[in-house]
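> any chance you could fold what I've pasted below:
(one chain, ligands or ions: 1)
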Amino acid sequence: MKVLNFGSLNVDYVYQMRSILQPGETQASYSRNVYCGGKGLNQSIALAKAGVPVYHAGLIGEGGEILLDACKESGVNAEYIKKIDGPCGHTIIQVDQNGQNCILLYGGANRMLTEEYIDEVLSHFEKGDILLLQNEVNLLHRIIEKAFEKGMKIILNPSPFDDALEKCDLTKINLFLVNEIEGSQITGGETKPEVILTKIKELYPDASIVLTLGGDGSVYQDKTGIYHQGIYKVKAVDTTAAGDTFTGYFIASILENMPVQEGLKLAAKASAIAVSRPGATASIPLREEVEKGETYFGKKDCTETEGTI
Ligand code: RIB
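From the prediction side, this is the model:
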């Protein structure tokens, strides 16, 4: 069984700010750093750091070589990543003094996928292989259709949520990973976590779901039940890629057949470490660091309740 992540690769320009800009405001930044990022690349690197052999597919443009280097350094297989002419995907990220961020996304090469390229990449995969997707590339609906036809298992993190998802047949998804906002958008405006979960079960009865709830932790639901995991509290330095780290580590736990509660805990620890560090891919911890987590956080900071939300 192989794992393919078909997703974005971005150069993140990260500005440290006193506060996130308001409309019409001008503010000098304290610093600027350039990091490798993109929801796709972050999730591939999180998978690789968690110990999962992963292939990444996607397009880079000018200046994207550092993204290939990041794949190499972290053990992500980059043989299907293609370089094209034109600008690379990039972002402008403001991070405030509390580690909160806002992200301006420029799709660039990420949005230049063609049907031919998609078919060529997918031709290397088969029934039972895993496909991970986010929503930062074009032709998402086509990737889902083709992968489903092949019998691949599809995991979707529908982030950022936008109209492109309306074209996608979400009944073909095996596992959703959503935050509260995406959970609300996918269910037509529900806001209470328990209602979001019920509605997703009605809409997509065969799918499993992870709903992340910020400071309230995360909930996993499948046909066998519901599991809740609290967060590990850390001083937030930069929340960029925390969700991607959670995604990569939780998927790794599934592939290892780890009990759900253990998988949620592993992912919660990994994302807490990511929040305590600057940058996107740079903030994603190695498996050894996550496993030493008990020492890192102290046991008191962990809250967990099984079977309820
Ligand atoms: O999820 C964080 C990522 O979102 C950043 O690395 C940025 O590139 C945007 O895609």
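> got the residues of the stretch 201-309 of the chain near the ligand?
Within reach of the ligand by Cβ under 6 Å from any ligand atom, the stretch 201-309 of the chain has these residues: 240-241, 243-244, 280. All C-beta spots, glycine's among them, are computed from the backbone N, C-alpha and C.
> how about 5 Å then?
Contact residues (Cβ under 5 Å from any ligand atom) of the stretch 201-309 of the chain with the ligand: 241, 244, 280.
> which ones among those residues map onto helices?
Those of these mapping onto helices are residue 244, per DSSP state H.
> contacting residues around stretch 73-84?
Outside stretch 73-84, the residues within contact range by Cβ atoms under 8 Å, 6 or more residues apart in numbering are 4, 9, 41, 44-45, 47-49, 53-61, 64, 67-68, 70-72, 109, 112, 117, 121, 124, 281, 284.
> now stretch 244-251
Contacts of stretch 244-251 (Cβ under 8 Å, 6+ apart): 3, 39, 42-50, 52, 130, 132, 155, 157, 175, 177, 210, 212, 218, 263-264, 266-268, 270-271, 273-274, 280, 283-285, 290.
> and residue 226, how many neighbours does it have?
Per other Cβ atoms under 10 Å, the neighbour tally for residue 226 reads 18.
> grab the nearest non-local neighbour of the closest residue to the ligand within the stretch 1-150 of the chain.
At 2.5 Å from the ligand, residue 37 is the closest residue in the stretch 1-150 of the chain, using Cβ to the nearest ligand atom. In space, and not counting its chain neighbours, residue 37 is closest to residue 280: 3.3 Å by Cβ to Cβ, 6 or more residues apart in numbering.
> assess the claim that the one you found and residue 13 are in contact.
No - with contact defined as Cβ atoms under 8 Å, residue 280 does not reach residue 13; the gap is 11.2 Å.
> those two: which has the busier surroundings?
Higher neighbour count among residue 280 and residue 13: residue 280, with 29 against 16, using other Cβ under 10 Å.
> how about that one, phi and psi?
Per-residue torsions, residue 280: phi -100, psi -90 (degrees, to the nearest 10).
> check which helices and strands the lengthiest helix in the chain sits against.
Counting by DSSP H, the longest helix found in the chain is helix 260-275. Counting contacts by 3 or more Cβ pairs under 8 Å, 6 or more residues apart in numbering; DSSP states H and E, helix 260-275 is packed against helix 39-50, strand 218-222, strand 225-229, helix 242-255, helix 287-291, helix 293-297, strand 304-306.
> heading C-terminal from the host helix or strand of residue 60, find the next helix or strand.
Per DSSP states H and E: residue 60 is located in strand 55-62. Going down the chain from strand 55-62, the next helix or strand is helix 65-74, by DSSP H and E.
> one step back: just the buried positions in the longest helix of the chain, please.
260-261, 263-275 (16 or more other Cβ atoms under 10 Å).
> can you check stretch 72-90 too?
74, 76-78, 80-82, 84, 87-90.
> confidence-wise, which helix or strand of the protein is lowest on average?
The least trusted helix or strand in the chain, going by mean pLDDT, DSSP states H and E, turns out to be strand 304-306, with a mean of 43.
> list the buried ones in the strand holding residue 60?
For strand 55-62, the neighbour count (16+ other Cβ under 10 Å) marks 55-61 as buried.
> of these, which is the nearest to residue 191?
Closest approach between those and residue 191, by Cβ to Cβ: residue 58, at 32.9 Å.
> doesn't residue 137 make contact with the closest one?
Yes - in this structure residue 58 lies within contact range of residue 137 using Cβ under 8 Å: 6.5 Å.
> stretch 82-98 close to the ligand?
Yes - against the ligand, stretch 82-98 shows contacts by Cβ under 5 Å from any ligand atom at residue 91.
> what's the spacing between that stretch and its chain's center?
Relative to its parent chain, stretch 82-98 has a centroid offset of 16 Å by Cα atoms, centre = their mean, to the nearest Å.
> report the mean per-residue pLDDT for it.
Computed over stretch 82-98, the mean pLDDT rounds to 97.
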